[in-house]
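Q: just to be clear, the model below is a prediction. Sequence and coordinates:
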Number of protein chains: 2
Amino acid sequence: MGRWQPGAQGRLQQAAMELIVERGYDGVTVAEIAERAGLTERTFFRHFADKREVLFAGQEQFAAGVVEALTAAPPQLTPLEAVVAGLAAAGTWLNDERRAGSRVRQGVIDAHPELQERELIKLARVAAAMATSLQERGVGHAEAVLAAEAGMAAFRLAFTRWVDDPGEHDLPWHLDAAVEGLRAVVA
Amino acid sequence: MGRWQPGAQGRLQQAAMELIVERGYDGVTVAEIAERAGLTERTFFRHFADKREVLFAGQEQFAAGVVEALTAAPPQLTPLEAVVAGLAAAGTWLNDERRAGSRVRQGVIDAHPELQERELIKLARVAAAMATSLQERGVGHAEAVLAAEAGMAAFRLAFTRWVDDPGEHDLPWHLDAAVEGLRAVVA
DNA sequence: CACCTTCATGTCAGTCGCTGACATCCCTAG
DNA sequence: CTAGGGATGTCAGCGACTGACATGAAGGTG
């Protein structure tokens, strides 16, 4: 390496998190983030499609992992069971070491509607991908969509609980609890 | 009236829809919308918080109507039944006369991710309001959240079907069908 | 070693969304 | 008739984002 320090994208993410925690999302400009990372504003937008996206990098891996686990799930599982199996795979990534970081990040997102919008569409895209995968195993369209979205609702509840709770249980445990609650409510 | 033509907000909405259908959301500037409505860009932003919002006016009434119907639902209903009762009230507003308009509007939204984001957060807020209302009638937090979000998933599927289908059935009919599908999938 | 290609980055100018501050002018209350 | 309020216009400015072009380092080829 010579002209460029490696890891530009990671530096931008770290700089963004630091500055946003200090001053809030609206109190930070893209130029400032880039400057702290030793780059220019223009380069920021070569790594991230927009300002919000700097907080959501890595989400593609999450989505891919979930869909992969869902696709690999045994065919005899019910649609909802398969969805839960897929989402449970996220527990591998969201392990106890990442809990504190997840809490900080979620606090930032919860404080800014623009970031909530981005989060919602990301999760909706994961749900849509799960629904497509379910259809490929023969599940009807309506059932696939409903299983994917209901499972995603359970996952969101489970994630909230996992982030906030003192940490006795891991994410898959909370997910199972949420799915149990879902069955109770829908039955 | 004298200096101002009445119905500025409505004129802005109509101008926006016309222009967006012609050139697409990204091909239209706020200044152009305002100009077609006989107003200035600054006035546009006095009526709508941002450019996207011009396509979502009236949503507050929708949300208020749903929550009101949910609150008024008989106490002996299960949480999910109460949510469905609330959402079914939207069928009064989304009647057959509005089906064509809803299809056009939904086509615009489906073509632009920024608009999908806004739609998702609006629906999520309705779901959150429904969950709060459920908690006020004694439902636990987890059950309230899950019933509200599962019901909202059914509503979204029902709305899609209602908008696209040749129109033999009304929205409440599609909603019942979706809820039945939900029960089948979760059970 | 000299040369060339590639590619991440820098530079610059410009558009557009959005906001604060202040002025304008009609309508209505008194 | 006058005073005040409310909707609008005007203007200046910031920040997000983009296209076009220039730069310089890394790596391969002769």
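A: Structure received.
Q: what's the domain layout of chain A?
A: Chain A is divided into the following domains under automatic domain parsing: A:8-54, A:58-186.
Q: out of the ones you listed, deepest packed?
A: Greatest average neighbour count among the domains of chain A goes to domain A:58-186 (a mean of 18), per mean count of other CB atoms under 10 Å in any protein chain shown. C-beta coordinates here come from the backbone N, C-alpha and C atoms, glycine included.
Q: touching DNA strand D at all, that one?
A: No. Domain A:58-186 lies apart from DNA strand D when judged by CB under 7 Å from any atom of the strand; the minimum separation is 8.9 Å.
Q: so is that domain next to chain B?
A: Yes. Judged by CB under 8 Å from any CB of the partner chain, domain A:58-186 comes into contact with chain B through A:78-80, A:113, A:116-118, A:120-121, A:124, A:142-143, A:145-147, A:149-150, A:153-154, A:156-157, A:177-178, A:181-186.
Q: tell me which of the residues you listed fall in helices.
A: Within these, residues falling in helices by DSSP state H are A:79-80, A:113, A:116-118, A:120-121, A:124, A:142-143, A:145-147, A:149-150, A:153-154, A:156-157, A:177-178, A:181-186.
Q: ok, then the element right after the helix or strand of chain A with the lowest mean pLDDT?
A: Least confident helix or strand, chain A: helix A:90-93 with a mean of 88, by mean pLDDT, DSSP states H and E. Next along the chain after helix A:90-93, taking DSSP states H and E as the criterion, comes helix A:99-110.
Q: would you put the C-alpha positions of that next one in CSV?
A: The C-alpha trace of helix A:99-110 is given here as CSV (Å, rounded to 0.1, in the frame of the first residue of the first chain):
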residue,chain,number,x,y,z
ARG,A,99,-24.6,-7.2,22.0
ALA,A,100,-23.2,-4.0,23.4
GLY,A,101,-22.3,-2.7,19.9
SER,A,102,-25.8,-3.6,18.7
ARG,A,103,-27.3,-1.7,21.6
VAL,A,104,-25.4,1.5,20.7
ARG,A,105,-26.2,1.1,17.0
GLN,A,106,-29.9,0.5,17.7
GLY,A,107,-30.0,3.5,20.0
VAL,A,108,-28.8,5.6,17.2
ILE,A,109,-31.3,4.2,14.7
ASP,A,110,-34.2,4.5,17.2
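Q: so which residues make contact with it?
A: A:17, A:20-21, A:25, A:55, A:94, A:115-116, A:119, A:162-164, A:167 (CB atoms under 8 Å, 6 or more residues apart in numbering or on different chains).
Q: report the separation between A:E149 and A:Q61.
A: 22 Å (CB to CB, to the nearest Å).
Q: same check on A:A148?
A: For A:A148, the distance to A:Q61 - CB to CB - is 19 Å.
Q: also A:A8?
A: Taken as CB to CB, the span from A:A8 to A:Q61 is 19 Å.
Q: need the phi and psi values for the spatially most central residue of chain A.
A: For chain A, the residue sitting closest to the mean C-alpha position, by CA atoms, centre = their mean, is A:Q59 at 5.2 Å. A:Q59 adopts backbone torsions of phi -60, psi -30, taken as degrees, to the nearest 10.
Q: next: A:E18.
A: Per degrees, to the nearest 10, the backbone of A:E18 is at phi -60, psi -50.
Q: tell me the pLDDT at it?
A: You'll see A:E18 listed with a pLDDT of 98.
Q: ok, now A:G58?
A: For A:G58, pLDDT reads 86.
Q: go on, A:D165?
A: Value for A:D165, per-residue pLDDT: 88.
Q: so what's it up against?
A: Going by CB under 8 Å, 6+ apart, the list of residues near A:D165 reads A:H174.
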